[in-house]
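**Student:** Give me a model of this one.
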Amino acid sequence: MAVTYIIRFDVKPAQRQRFHSLLNGVLDAMRHEPMFHEAVLHAHPELPDVFLLYETWEDHEDVLNVQAKRPYREAWHTALDEILATPREISMWIPTRADRSPDQIGGR
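**Tutor:** This is a model prediction of the structure:
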């Protein structure tokens, strides 16, 4: 059963570029994982150092036991204490419906 994680990041202002650089590397790598569905990074419209990551995977156990331990995540996880102003907030959700515009179907 698919699972979605909503992760809020409060980034230290001086670490914003590093945050993006490290996270982009993780997102670029995980896109190729067979259990990966999608990820969307959001920026807060009024708070430039607050971000929300929405990511969906096929299986929660795979995320815990396989994906979280991938080597491409190591630098990201190691840097989080230096990058974040507060610990990240993670919540888990089960998708029950997805709607996309016709332009988004097929990966456009």
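
**Student:** Quick check: what element follows the least confident helix or strand in the chain by mean pLDDT along the chain?
**Tutor:** Every helix and strand of the chain was ranked by mean pLDDT, DSSP states H and E. The lowest is helix 60-65, at a mean of 94. Proceeding N to C from helix 60-65, the next assigned helix or strand is helix 74-83, under DSSP states H and E.

**Student:** got the CA positions of the following helix or strand past that next one in CSV?
**Tutor:** Downstream of helix 74-83, the first helix or strand assigned by DSSP H and E is strand 89-93. Written as CSV, here are the backbone C-alpha positions of strand 89-93 (Å, rounded to 0.1, in the frame of the first residue of the first chain):
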residue,chain,number,x,y,z
GLU,A,89,8.5,17.5,11.3
ILE,A,90,7.4,14.2,9.5
SER,A,91,3.9,12.9,9.2
MET,A,92,2.7,9.8,7.3
TRP,A,93,-0.4,9.6,5.3
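
**Student:** start at 11 instead
**Tutor:** Renumbered: residue one is now 11, and that last one reads strand 99-103.

**Student:** I would like the residues contacting strand 99-103, please.
**Tutor:** Strand 99-103 is contacted from outside by Val13, Thr14, Tyr15, Ile16, Ile17, Arg18, His70, using Cβ atoms under 8 Å, 6 or more residues apart in numbering. Quick note: C-beta positions are derived from backbone N, CA and C, even for glycine.

**Student:** Out of those, which two are the most distant from each other?
**Tutor:** The most widely separated members of the contacts of strand 99-103 are Arg18 and His70, with 19.1 Å between them, by Cβ to Cβ.

**Student:** the longest helix in this protein is where?
**Tutor:** Of all the segments of type helix in the chain, defined by DSSP state H, the longest one is helix 26-40.

**Student:** mind listing what's buried in it?
**Tutor:** Phe29, His30, Leu32, Leu33, Val36, Leu37, Met40 (16 or more other Cβ atoms under 10 Å).

**Student:** helices or strands next to it in the packing?
**Tutor:** Using 3 or more Cβ pairs under 8 Å, 6 or more residues apart in numbering; DSSP states H and E as the contact criterion, the elements in contact with helix 26-40 are strand 46-53, strand 60-67, helix 84-93.
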